[in-house]
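# my questions are about this predicted structure, shown below with the sequence.
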Amino acid sequence: MINIRDLTVRYGDVPALNQVSLNIQPGEWVLVSGLSGCGKSTLVKALCGVIPHIDAATMSGSVTIDGLDTREHAVVTLAEHVGVVFQNPESQLFHLHVEDEVAFGPRNLGLSEADIQARIQWAMRVTNLTALRDNNPAELSGGQKQIVAIASVLAMKPRVLVLDEPLASLDTPNAKRVIETLDNLCRHHGMTIIMIEHRLETTLPYVDRVVLMENGQITLDDAPQALQANPSYQARFGLGDVIEQNPTSLHAPEPQNRQPLLVLDNVWAGYRKKDVLRGTNFELYPGDFSALVGPNGAGKSTLALVAAGLLKPRKGKVRFAAGKRYRAGLDVALLFQNAANQLFTDSVDEEVAFAPQNYGCFELDNHRQVLTQADLLALADRRPNQLSVGQQQRTALAACLALRPALIILDEPTLGQDWGHLQQLMDYLLLLNANGTAILLISHDEKLVQRYVKHVALIQNGQIMNQAKEPESLQHEIYNT
């Protein structure tokens, strides 16, 4: 079904894959994991023909899918055999309605209208999208966009399905639904699945093989049990179980009689004529390390945009530090779900230095500390658009941290991150928090929230439903809504 022989890929002088060879049989489910930047996403592009036909990369060796050599067949031909869900779903969504997005692939296969409608209904049903069929994908949450991208590829019913971190932005019920759908396609319909993923605890029970990559090469290709037999792989490859329990001793102490840093008072906000936040009340205090959690589409990212001053409420008030006027970046910094949207300079070094230099507060020692904590020193001269998604995420976060703002908001920071790099970044945030920086974490990852967060707020249908002192007190509601 899939035969990769001596595959080497370079972006200019930068190697991404080095002499990779891999065979995958029909109906296998293969999980690929490894540290951020190890070559996983480059492998995805090679499997669907984006490399060598579209990306500016040089390739040697061969990739054969369903008997087709990717060097000899156009991407449009390969798309009938290989379906791909990329890390950034926005890159493959362009219609004005969800139903049209899901229908696009089957219509281009020349199927009958009856077959097209059957595929649309099936794909939307198994991904729980039926209620959103008339929505504009551009106005959906990041997790909802991810589900639309998955549904649009499933509707093609390809023989090979490749997914690059499909669970990163999904709440627990949707992640379970996607995994169960993939398991059914693999076991009962013979679909071959290749999944790039760091959330191994969710996927490991279902897969046939695990491939671990390191520095552009395959280090392990074995049954899932091999990971359990060798615990050293967890730290070496940044796998999820490396994160331990909540280090509460590192949290900043809470002074008495604190004044709020940020207040949302009866806020209504949204896009075009649709309200996403509906009378939302929310408070953050100096030194808070809080999480905002809830199902996909509940309003988490919209609240983040309002809190950062990037989206003006239709009704209600937003107050920062007792009425103090926002200073972009200096007071509130926001890490977007898609980090590529906030990267624009010619190098990682310039990206992290840009805001401090712009505000006249650049300090070399602080600059190097941020680069070190984000593990970016070795990438300082690289162009951000040549980095992996995980490396781009760390670059964007480092650029946010460089100004040491009073409040840092992180919207799904796990995307593209192995657990080793993520833990390093989060531990650095703990140090900032201990010195008074407030942090608001938006995440579906239960393990991350339980380790780092002091307070948690649950949002549903655009309203804060509950705020608890500790994550454990809302655990069932948070991860099973």
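All right, it came through fine. Numbers count the residues shown, from 1 in each chain.

# which is the next helix or strand following whichever strand or helix holds residue 173?
Element membership of residue 173, judged by DSSP states H and E, is helix 172-189. Later in the chain than helix 172-189, the nearest helix or strand by DSSP H and E is strand 192-196.

# that following strand packs against which elements?
strand 29-34, helix 40-48, strand 160-164, helix 172-189 (3 or more CB pairs under 8 Å, 6 or more residues apart in numbering; DSSP states H and E). Yep, even glycine has a C-beta here, placed from its N, CA and C like the rest.

# now the angle between strand 160-164 and that strand, please.
In terms of direction (axes from the mean of the first three to the mean of the last three CA atoms, to 10 degrees), strand 192-196 departs from strand 160-164 by 10 degrees.

# which residues sit against strand 192-196?
Outside strand 192-196, the residues within contact range by CB atoms under 8 Å, 6 or more residues apart in numbering are 1-2, 24-33, 40-41, 43-44, 47, 87, 159-166, 182, 185-186, 203, 207.

# repeat the analysis, applying 6 Å as the threshold.
For strand 192-196, the surrounding residues in contact (CB atoms under 6 Å, 6 or more residues apart in numbering) are 1, 26, 28-32, 40, 160-165, 182, 186.

# using PDB, write out every CA atom in stretch 100-114.
Coordinates of each C-alpha in stretch 100-114 appear next as PDB, following Å, rounded to 0.1, in the frame of the first residue of the first chain:
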ATOM      1  CA  ASP A 100     -20.500  22.800   0.800                       C
ATOM      2  CA  GLU A 101     -17.000  22.200   2.300                       C
ATOM      3  CA  VAL A 102     -17.800  18.600   3.000                       C
ATOM      4  CA  ALA A 103     -19.400  18.200  -0.400                       C
ATOM      5  CA  PHE A 104     -16.500  19.700  -2.400                       C
ATOM      6  CA  GLY A 105     -14.400  16.500  -2.600                       C
ATOM      7  CA  PRO A 106     -17.200  14.100  -3.600                       C
ATOM      8  CA  ARG A 107     -18.500  16.500  -6.200                       C
ATOM      9  CA  ASN A 108     -15.000  16.700  -7.800                       C
ATOM     10  CA  LEU A 109     -15.000  12.900  -8.000                       C
ATOM     11  CA  GLY A 110     -17.900  13.000 -10.400                       C
ATOM     12  CA  LEU A 111     -20.200  11.000  -8.200                       C
ATOM     13  CA  SER A 112     -24.000  10.900  -8.600                       C
ATOM     14  CA  GLU A 113     -26.000  13.400  -6.600                       C
ATOM     15  CA  ALA A 114     -27.400  10.500  -4.500                       C
END
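
# related to what we said a few turns ago, just the buried ones from the contacts of strand 192-196, in PyMOL syntax?
To isolate the buried subset of those in PyMOL, counting by 16 or more other CB atoms under 10 Å, use the following:
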select buried, resi 1+28+29+30+31+32+40+160+161+162+163+164+165+182+186
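
# per-residue confidence for residue 218?
pLDDT for residue 218: 95.

# also residue 456?
The per-residue pLDDT reported for residue 456 equals 92.

# pairing partners for the helix or strand harbouring it, with directions?
Assigned by DSSP H and E, residue 456 falls within strand 455-460. Applying DSSP bridges, strand 455-460 is found paired with strand 289-293 (parallel), strand 463-468 (antiparallel).

# low-scoring stretches of this protein, by residue?
Residues of the chain meeting the criterion pLDDT under 70: 234-235, 238-257, 322, 468-481.

# can I see the domain layout of it?
Each domain of the chain is listed here as a residue range: 2-228, 256-480, per automatic domain parsing.

# what distance separates the start and the end of the longest one?
When you say that, I think you mean domain 2-228. End-to-end distance of domain 2-228 (CA to CA, to the nearest Å): 27 Å.

# residue numbering should commence at 109 henceforth.
Sure, I'll start counting at 109 from here, so that last one is domain 110-336.

# any chance of JSON lines for the domains of the chain, columns distance to residue 345?
Converted to JSON lines, those look like this (distance: least, CB to CB, whole Å):
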{"stretch": "domain 110-336", "distance to residue 345": "5"}
{"stretch": "domain 364-588", "distance to residue 345": "7"}
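
# still on that earlier bit, what's the helix holding residue 281 packed up against?
Judged by 3 or more CB pairs under 6 Å, 6 or more residues apart in numbering; DSSP states H and E, helix 280-297 is in contact with no other helix or strand.

# just want the angle from that helix to strand 268-272.
When the same axes, to 10 degrees is applied, the directions of helix 280-297 and strand 268-272 differ by 160 degrees.

# with just CA atoms, put helix 280-297 into CSV.
What follows is helix 280-297 as a C-alpha-only set of coordinates in CSV (Å, rounded to 0.1, in the frame of the first residue of the first chain):
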residue,chain,number,x,y,z
THR,A,280,-12.7,15.1,24.9
PRO,A,281,-16.1,14.0,23.5
ASN,A,282,-15.1,15.1,19.9
ALA,A,283,-11.7,13.5,20.2
LYS,A,284,-13.3,10.2,21.3
ARG,A,285,-15.8,10.5,18.4
VAL,A,286,-13.0,11.0,15.9
ILE,A,287,-10.9,8.1,17.2
GLU,A,288,-13.9,5.8,17.2
THR,A,289,-14.8,6.8,13.6
LEU,A,290,-11.2,6.2,12.5
ASP,A,291,-11.2,2.8,14.3
ASN,A,292,-14.4,1.8,12.4
LEU,A,293,-12.9,2.9,9.1
CYS,A,294,-9.7,1.0,9.7
ARG,A,295,-11.2,-2.2,11.1
HIS,A,296,-14.4,-2.6,9.1
HIS,A,297,-13.6,-0.8,5.9
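
# which residues touch it?
So helix 280-297 is contacted by 137, 234, 236, 275, 299, 301, 310, 314, 404, 587 (CB under 6 Å, 6+ apart).

# what does the fifth one show for phi and psi?
Spelled out, that is residue 299. phi -70, psi 140 (degrees, to the nearest 10).

# who's in contact with it?
Here residue 299 is in contact with 269, 293 (CB under 6 Å, 6+ apart).

# which parts of the stretch 159-308 of the chain are strands?
166-173, 176-177, 190-193, 268-272, 300-304 (DSSP state E, counting those that start in this stretch).

# so which elements touch the fourth one?
Where contact means 3+ CB pairs under 6 Å, 6+ apart, strand 268-272 is packed against helix 148-156, strand 190-193, strand 300-304.
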